[in-house]
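**Student:** sequence? don't have it. structure:
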C-alpha cells in the first residue's frame, strides 16, 4: 500500500527579543481565539515573499505593537514541529527605540526581566529561545560585557 503522508504546513517566522533600557524584554499574550491562544510569546510574524528576516521583524513589530526597534544580533534559529504546523523561528535580539508599545494584535503586553520568563506559559518552541537567551546573558556576565 502506498499512503500519501502529508507534512504539516511550514511557516518561516521572524522573532524579536526586544530589550528596553531597563534590561527588560517585551512579551505579548496571544488572543484566546487563535492558534495557541492565551499563551505568551516573543513578538514577530511570518516572512512575506521577497522580505529579509530583519525586514519581516521590523514590519511585524510596527504592525503588532506600533513601536520602532533596532535589529541586533541573530540569537538562534529553531525548527520545531507541532502536531499541525512546522515553524522555523529566526530570532534576533532587538532594542526598543521609540514609541510606547500597544497591544494591537494581541491581548496583553508586558516588560519582564529574564528571570521572570519562567512565570509565563509559552508555546513549546519558545523554550529553546529562552534557553539560548539565558545562555547568552550568562556568557556576557562571565565575560564581564
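**Tutor:** Arrived safely. Keep in mind that what you see is a predicted model, and the values were worked out from it rather than measured.

**Student:** what's the weakest-modelled helix or strand in the chain?
**Tutor:** The weakest-scoring helix or strand in the chain, judged by mean pLDDT, DSSP states H and E, is helix 126-143 (a mean of 90).

**Student:** Regarding residue 79, what is its secondary structure?
**Tutor:** strand (DSSP: H, G, I helix; E, B strand; the rest coil).

**Student:** OK, contacts around it?
**Tutor:** 86-88 (C-beta atoms under 8 Å, 6 or more residues apart in numbering). Every C-beta, even on glycine, is put in place using the N, C-alpha and C of the backbone.

**Student:** now do 6 Å
**Tutor:** By C-beta atoms under 6 Å, 6 or more residues apart in numbering, residue 79 lies in contact with residue 88.

**Student:** Check residue 7 too.
**Tutor:** Per C-beta under 6 Å, 6+ apart, neighbours of residue 7: none.

**Student:** which strands and helices sit next to the least confident helix or strand of the chain?
**Tutor:** Counting contacts by 3 or more C-beta pairs under 6 Å, 6 or more residues apart in numbering; DSSP states H and E, helix 126-143 packs against strand 68-81.

**Student:** Between helix 126-143 and the helix or strand following the strand it packs on, find me the angle.
**Tutor:** Downstream of strand 68-81, the next assigned helix or strand under DSSP states H and E is strand 86-98. Using axes from the mean of the first three to the mean of the last three C-alpha atoms, to 10 degrees, the inter-axis angle of strand 86-98 relative to helix 126-143 is 50 degrees.

**Student:** partner strands of strand 86-98, parallel or antiparallel?
**Tutor:** Using DSSP bridges, strand 86-98 pairs in its sheet with strand 10-19 (parallel), strand 68-81 (antiparallel).
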